[in-house]
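Enquirer: Okay, here's the prediction I keep looking at, along with the sequence it came from:
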Amino acid sequence: MARYKLIGPITQLLPMTNLPLKGAIRDDQLTVIKNAGILIKGENIHAISTFSDLIKTAKELNAEVVELQSSFVCLPGFIDAHTHICFSGSRANDYAMRNAGKSYLEIAKSGGGIWDTVTQTRKADQLELSLCIAKRANHLLKNGITTVEVKSGYGLSIKEELKMLHAIREANHNVESDLIPTCLAAHMLPKDFDGDHTDYLEELMTTLLPILKIENLTNRVDAFVEQSAFSTKNIYPYIQKAVDMGFDITIHADQFTTGGSEIAVKMNAVSADHLEASTDAEIKMLAASDVIAVALPGASLGLGCNFTPARKILDAGGALAIASDWNPGSAPMGDLLLQACILGTFQKLSNAEILAAITYRAAAALRLSNCGTTTPETLADFSFFATDHYNEILYHQGKMTPSIVWKRGELVYRK
Ligand code: NIG
Ligand code: FE
């Protein structure tokens, strides 16, 4: 029988419920429950209310009571909806070259870039890779991130992409957080592939995608639509095939040039990620669609380029999530809360919009309905920050990390 636990009293609980999926949010729209309690049943939330309301029910249910002795703000577990944490090696040289004036594309063309990480990742076996992922996922967990999307994309052959996806599955068994795998075999044309972009995508369609289905390795397909990767014309049949096979689609879109977001909208993708180069036309198109726009400020900070026009996306009525894009090339930092706060400062996002972007709107970017809010029947995933007001958390721009993290109804981290 599932055990009940009651946690509280919590100075402020922000359930992140009754908020819109799309468009701007004012801070006064946030629900804040003071002196709250969370009643857990097994791995799910059973009820939230004031602690005094719940204590009687908890006694009737013979719940274990976890009494908090100081001030805490409780937020739903954060969701990092876009990462590349399955990689081996470092690209510190790229960073130095970039800061010395070379562009991302120039570095890629001269032997650095994604292909360098492919070479290093291919040298690691599945176990080594799964340990790399687990280490990074544990780092994220200590920052309150309880669900992490993880892409392949540094294998770039059938065998190596499968190795990456198996490593993600293996890591998922060994970490507390939930890892959501995505196939990014269409990250760039592998330098050692005998054929052009169309031939490579054809091989992915006929060989890789069916194996993903048979082995149930992922239900998400991503593609990098960009001059250095795949054109909209090339990628279209691949995405169409993935849609026909029932995969959810996400696109690396409009990072340096536009085109990707149009594909995302046309193909009914779950999300379009990056969007640093999106103009008013793309913003309008995204806002009118059901595609979640995912800003990746970590890539802007890593590359020293524009932020995603997050304010305009929200004001146009779009749904905005924020993710870390943690990868060895463009976004080596891997600190979601810090990055979300910095984006908020430069793009003038309300605290409600920042929190929405890393909780329930990020869950929508992964089509997950069991996390991102503290709602009964969803997973008991949440973090406690040692403060008495939620504004303090964002004010510290990522330097205030959670003191306590719960995942699936268990205490998994305490500072
Ligand atoms: O999301 N833009 C393409 N892919 C990654 C970068 C990968 C890399 O540089 O290794 C990104 O920024
Ligand atoms: Fe990315």
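Expert: Looks like it arrived, so ask away. Ligands and ions are numbered 1, 2, ... in the order given.

Enquirer: show me where pLDDT drops low in the stretch 151-300 of the chain?
Expert: Scanning the stretch 151-300 of the chain for pLDDT under 70 picks out nothing.

Enquirer: Quick one: name the residues of the stretch 301-415 of the chain near ligand 1.
Expert: Contacts of the stretch 301-415 of the chain with ligand 1, taken as C-beta under 6 Å from any ligand atom, map to 325, 327-331. C-beta here means a position set from N, CA and C on the backbone, and glycine is covered the same way.

Enquirer: top of the residues you listed by neighbour count?
Expert: residue 325 (32 neighbours; other C-beta atoms under 10 Å).

Enquirer: helix or strand for it, which one?
Expert: Per DSSP states H and E: residue 325 is located in neither a helix nor a strand.

Enquirer: thought it was touching residue 84?
Expert: Yes. Shown here, residue 325 and residue 84 form a contact pair, counting by C-beta atoms under 8 Å, at 7.1 Å.

Enquirer: Please render the residues of the stretch 301-415 of the chain next to ligand 1 as TSV that adds pLDDT and secondary structure to the earlier fields.
Expert: Formatted as TSV, those follow (pLDDT from 0 to 100; DSSP: H, G, I helix; E, B strand; the rest coil):
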residue	pLDDT	secondary structure
325	98	coil
327	98	coil
328	97	coil
329	95	coil
330	94	coil
331	98	coil
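
Enquirer: of all those, which two lie farthest apart?
Expert: Greatest spacing in these, by C-beta to C-beta: 325 and 328 (11.1 Å).

Enquirer: and for these two, which residues touch both?
Expert: residue 84 (C-beta atoms under 8 Å, 6 or more residues apart in numbering).

Enquirer: Can you name the residue of the stretch 201-350 of the chain nearest to ligand 1?
Expert: Among the residues of the stretch 201-350 of the chain, residue 329 lies closest to ligand 1, at 2.4 Å counting by C-beta to the nearest ligand atom.

Enquirer: check contacts around that residue.
Expert: Residue 329 is in contact with 91, 94, 112-114, 117, 302, counting by C-beta under 8 Å, 6+ apart.

Enquirer: Point out the ones among those residues that are inside strands.
Expert: Among those, no member falls in strands (criterion: DSSP state E).

Enquirer: so of those residues, which ones are in helices?
Expert: Among those, DSSP state H puts 94, 113-114, 117, 302 in helices.

Enquirer: possible to save these as JSON lines with pLDDT and neighbour count?
Expert: Output for the ones in helices among the contacts of residue 329, formatted as JSON lines (pLDDT from 0 to 100; neighbours: other C-beta atoms under 10 Å):
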{"residue": "94", "pLDDT": "94", "neighbour count": "25"}
{"residue": "113", "pLDDT": "92", "neighbour count": "20"}
{"residue": "114", "pLDDT": "94", "neighbour count": "27"}
{"residue": "117", "pLDDT": "97", "neighbour count": "23"}
{"residue": "302", "pLDDT": "96", "neighbour count": "24"}
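
Enquirer: where does the chain come near ligand 1, residue by residue?
Expert: The chain comes close to ligand 1 at residues 84, 113-114, 117, 224, 252, 255, 299, 325, 327-331, as judged by C-beta under 6 Å from any ligand atom.
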